[in-house]
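K.L.:
Here you go, sequence then predicted model.
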Amino acid sequence: MDELEEIIQDFLVETEELIQGVDQDLLDLEKSPDDFELLNKVFRSVHTIKGAAGFLGFNQLVTLVHNTETLLNKLRLGELRINSAISDAVLESIDLVKIILSDIKENKKEKEINLTGILSTLEGLTLGVVVRAETKAPAPKPRPREEVPQKPKEARIEAKEEPVEAPMEQAAEPDFQAPVQREPAASQRPPSQPQQKTIQEKAPASAASKDLSEQTIRVETTKLDHVMNLVGELVLGRNRLTNLLSRFEARRNGNEDLASTLSEVTGFINLVTSDLQLAVMKTRMQPIKKVFGRFPRLVRDLARELNKSVDLILRGEETELDKSVIEQINDPLVHIIRNSIDHGIESKEQRLLLGKPDTGTIRMSAYYEGNHIVIEIEDDGKGIDPARVAAAALKKGVLSQQEIQGMDEKEIINLIFAPGFSTAEKVSDVSGRGVGMDVVKTNITKLSGMIDLVSKVGIGCTLYIKLPLTLAIMNALIVTAGEETFAIALSSVVEITRIKTEEVEFIDQKEVIKLRNAVLPLIRLKDLFDLKDSPASADMIYVVVIGIAEKRIGIVVEKLKGQEEIVIKSMGDYLSEVPGIAGATVGGDGKVMLILDIAAIFEKI
């Protein structure tokens with residue numbers, strides 16, 4: 001990568017961060033139109049993008065952002081007040097900026113797109129032509145006399161001809177660091193003081209900026225992936241060494257000093273490996289805010305499109321997740337939100353008739369649960385009606401009447417995850433094609449995650465998504481069945497019990513046991529994978545109880561070999577689709593073990 005490519009890459013990363021912030025700030029500004037600090041923050045971000053784009057010669061981007069900046073400046077000066085038309089136009093221009101950035105990322109240059117419409121809209125709004133009837137300018141506020149435009153047309157022309165400075169030069173402009181309303185008039189300031197004041201204020205900021213730049217660097221994710229793979233191999237080597245140590249200690253034959261030294265060295269390697277593993281994993285962790293931050297805009301646009309009023313409440317945005325998981329969780333969450341707004345949240349009129357507030361609420365929260373992260377998406381809409389789901393399943397031929405009669409409400413509701421299933425009476429741009437929730441479940445399963453749904457008719461619906469913090473290394477329970485060894489994610493294990501074989505009962509030809517007055521469905525790994533019978537005694541069996549949310553099943557195994565930290569390896573293209581298997585690993589004894597796909601096993605019950 002040459003120097004220019006590195007500069008462009010830095011520009012793209014910084015600009016995408018700024019754009020995401022602008023998206024959220026504009027939505028907040030709609031709710032708090034008098035928040036001048038927020039308005040100035042948006043203006044500064046847009047101004048920074050313009051300067052950097054001009055420095056790199058992205059003229060189309062400069063033109064678009066400059067016109068957006070001009071409109072925002074009118075808001076800063078108090079000559080216009082933000083309204084839905086202005087907000088829509090600025091958000092539309094931000095969307096076009098994203099498209100241009102995407103082209104630059106792919107081609108290292110701009111791709112010509114038609115900006116005539118948006119530029120015309122921005123200019124019209126700036127002049128007060130497009131929304132003159134809606135614009136309610138606030139009472140005039142004191143501001144620098146030089147900034148009051150005497151001739152609007154000339155001012156606009158001069159602004160268009162303004163030369164594009166380099167980012168370094170623009171950063172020194174004092175009026176972008178504080179709200180315009182707080183600045184004294186230029187005529188009231190002594191001529192010799194402004195420069196001194198600017199230097200005094202800027203010096204600490206420059207120092208802080210320098211310190212920050214020296215403390216942080218950008219690293220390509222491929223390099224982090226490589227380091228993580230090396231750490232994984234180191235973990236496998238440590239496990240082998242620990243296994244050899246236990247075998248050596250079992251028959252040390254008087255070599256006490258050697259055994260003690262070997263134990264000490266093994267302990268040290270174990271400690272350093274764990275610390276290194278934790279450090280590398282932390283470098284890959286990112287706050288889920290990177291995903292959650294995109295949804296306020298999505299909710300706003302969908303609610304307006306469907307003529308509904310919806311509030312989005314976000315919690316746990318600082319909860320961190322592995323970058324590889326962050327990148328793949330966005331699409332499933334988008335599908336869930338779209339379905340929630342389209343199918344869940346009622347119209348304003350319906351909500352008022354039902355005695356609900358006219359504004360619906362969607363709550364998204366993220367929190368840790370062991371080595372997993374749980375994402376909850378809850379709405380206060382109509383919920384999922386099992387009768388309606390059953391009727392749709394019959395109509396589409398997904399299930400027969402007899403099959404539906406043998407299902408409980410929970411099983412019927414879970415039919416929404418079936419491929420091609422939808423309760424929508426008509427197909428719209430938002431949903432109704434029967435691909436959304438199927439995609440959600442497929443993508444979550446690929447991430448070794450689990451999904452559960454709880455719904456109450458007339459009250460709302462809650463989706464629980466449980467994902468591993470990392471897809472590379474995890475703690476596992478090692479078990480055997482049919483002379484084969486398997487690994488079960490320890491975070492999915494609720495408890496382990498040992499029972500007599502005669503305690504197993506049958507309900508509808510399916511094995512179950514009673515565990516503390518609750519019926520627990522069983523599944524045998526030997527039967528699931530068609531394994532050979534083990535010569536071991538079958539009088540007693542181990543049941544590993546695994547669960548997600550309120551769901552529980554018992555996995556019948558023959559032996560428990562202990563707990564081990566394992567490195568998850570892909571099964572490759574040919575074996576990646578084996579049902580019930582999430583991957584493979586190498587145990588401390590050097591033998592290959594298969595890692596169970598808990599989500600897929602739940603589907604077998």
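P.N.:
Arrived safely. Numbers count the residues shown, from 1 in each chain.
K.L.:
for the stretch 451-600 of the chain, which spans come out with low pLDDT?
P.N.:
534-538, 549-550, 574, 576 (pLDDT under 70).
K.L.:
which residues in it form helices?
P.N.:
525-528, 572-575, 598-603 (DSSP state H, counting those that start in this stretch).
K.L.:
right, and these - which one's nearest Phe36?
P.N.:
helix 598-603 (49.2 Å; C-beta to C-beta). Yep, even glycine has a C-beta here, placed from its N, CA and C like the rest.
K.L.:
Please export the alpha-carbon coordinates of the closest one; CSV is fine.
P.N.:
The C-alpha atoms that make up helix 598-603 are tabulated as CSV, following Å, rounded to 0.1, in the frame of the first residue of the first chain:
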residue,chain,number,x,y,z
ILE,A,598,-26.2,-26.2,20.5
ALA,A,599,-28.7,-24.1,18.4
ALA,A,600,-29.0,-26.9,15.8
ILE,A,601,-29.4,-29.5,18.5
PHE,A,602,-32.3,-27.5,20.0
GLU,A,603,-34.0,-27.8,16.6
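K.L.:
right, and Lys532 touches Glu558 too?
P.N.:
No - if you go by C-beta atoms under 8 Å, Lys532 and Glu558 don't touch, sitting 11.7 Å apart.
K.L.:
is it true that Glu106 lies in a helix?
P.N.:
Yes - checked against DSSP: H, G, I helix; E, B strand; the rest coil, Glu106 lies within a helix.
K.L.:
just for this structure, where's the confidence low?
P.N.:
Within the chain, the segments meeting pLDDT under 70 span 1-2, 130-216, 254, 420, 423-436, 534-538, 549-550, 574, 576.
K.L.:
How is it partitioned into domains?
P.N.:
Using automatic domain parsing, the domains assigned to the chain come out as 3-215, 221-285, 288-468, 473-603.
K.L.:
Break down the stretch 451-600 of the chain into its strands, ranges please.
P.N.:
According to DSSP state E, counting those that start in this stretch, the stretch 451-600 of the chain carries its strands in the segments 460-468, 473-481, 484-489, 493-500, 505-507, 510-515, 518-524, 540-548, 551-557, 559-567, 581-586, 592-596.
K.L.:
Next: the stretch 301-450 of the chain.
P.N.:
Per DSSP E, counting those that start in this stretch, the stretch 301-450 of the chain carries strands over the ranges 310-315, 320-322, 360-369, 372-379, 450-456.
K.L.:
quick revisit: JSON lines please, covering the strands of the stretch 451-600 of the chain and showing mean neighbour count and distance to Ser246.
P.N.:
Listed next are these as JSON lines, based on neighbours: other C-beta atoms under 10 Å; distance: least, C-beta to C-beta, whole Å:
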{"stretch": "strand 460-468", "mean neighbour count": "23", "distance to Ser246": "28"}
{"stretch": "strand 473-481", "mean neighbour count": "22", "distance to Ser246": "14"}
{"stretch": "strand 484-489", "mean neighbour count": "20", "distance to Ser246": "17"}
{"stretch": "strand 493-500", "mean neighbour count": "14", "distance to Ser246": "22"}
{"stretch": "strand 505-507", "mean neighbour count": "10", "distance to Ser246": "39"}
{"stretch": "strand 510-515", "mean neighbour count": "15", "distance to Ser246": "33"}
{"stretch": "strand 518-524", "mean neighbour count": "16", "distance to Ser246": "30"}
{"stretch": "strand 540-548", "mean neighbour count": "20", "distance to Ser246": "22"}
{"stretch": "strand 551-557", "mean neighbour count": "22", "distance to Ser246": "22"}
{"stretch": "strand 559-567", "mean neighbour count": "17", "distance to Ser246": "10"}
{"stretch": "strand 581-586", "mean neighbour count": "20", "distance to Ser246": "17"}
{"stretch": "strand 592-596", "mean neighbour count": "20", "distance to Ser246": "17"}
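K.L.:
would you turn those into TSV with distance to His66?
P.N.:
Below are the strands of the stretch 451-600 of the chain laid out as TSV (distance: least, C-beta to C-beta, whole Å):
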stretch	distance to His66
strand 460-468	42
strand 473-481	48
strand 484-489	53
strand 493-500	58
strand 505-507	70
strand 510-515	68
strand 518-524	63
strand 540-548	51
strand 551-557	55
strand 559-567	51
strand 581-586	51
strand 592-596	54
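K.L.:
re the thing from before, of all the strands of the stretch 301-450 of the chain, which lies closest to Ala390?
P.N.:
Checked against C-beta to C-beta, the stretch from the strands of the stretch 301-450 of the chain lying closest is strand 450-456, at 13.7 Å.
K.L.:
Contacts only, for Lys456.
P.N.:
Going by C-beta atoms under 8 Å, 6 or more residues apart in numbering, Lys456 touches Gly383.
K.L.:
Okay, and the beta partners of it?
P.N.:
Beta-bridge partners recorded for Lys456 (DSSP bridges): Gly460.
K.L.:
distance of it from Glu346?
P.N.:
14 Å (C-beta to C-beta, to the nearest Å).
K.L.:
residues near Leu353, how many?
P.N.:
Other residues near Leu353 come to 10 when the count uses other C-beta atoms under 10 Å.
K.L.:
brain fart, Phe529
P.N.:
Using other C-beta under 10 Å, Phe529 has 17 other residues around it.
K.L.:
Phi and psi next, for it.
P.N.:
Dihedral pair for Phe529: phi -110, psi 10, per degrees, to the nearest 10.
K.L.:
just checking, it touches Ile523?
P.N.:
No - counting by C-beta under 8 Å, Phe529 stays clear of Ile523, with 10.7 Å between them.
K.L.:
Select, out of the strands of the stretch 301-450 of the chain, the one closest to Asn67.
P.N.:
Closest approach to Asn67 among those (C-beta to C-beta): strand 310-315, 29.5 Å.
K.L.:
what's the closest of the strands of the stretch 301-450 of the chain to Val545?
P.N.:
strand 450-456 (14.7 Å).
K.L.:
Next, report how far that closest one is displaced from the centre of its chain.
P.N.:
Distance of strand 450-456 from the chain centroid (C-alpha atoms, centre = their mean, to the nearest Å) equals 19 Å.
K.L.:
List the buried residues in it.
P.N.:
450-455 (16 or more other C-beta atoms under 10 Å).
K.L.:
quick revisit: neighbour count: Lys532 and Glu558, which is higher?
P.N.:
Using other C-beta under 10 Å as the criterion, Lys532 and Glu558 rank with Glu558 on top: 22 against 9.
K.L.:
Number of residues surrounding Glu233?
P.N.:
11.
K.L.:
Okay, it and Leu298: tell me how far apart.
P.N.:
Distance of Glu233 to Leu298, computed by C-beta to C-beta: 40 Å.
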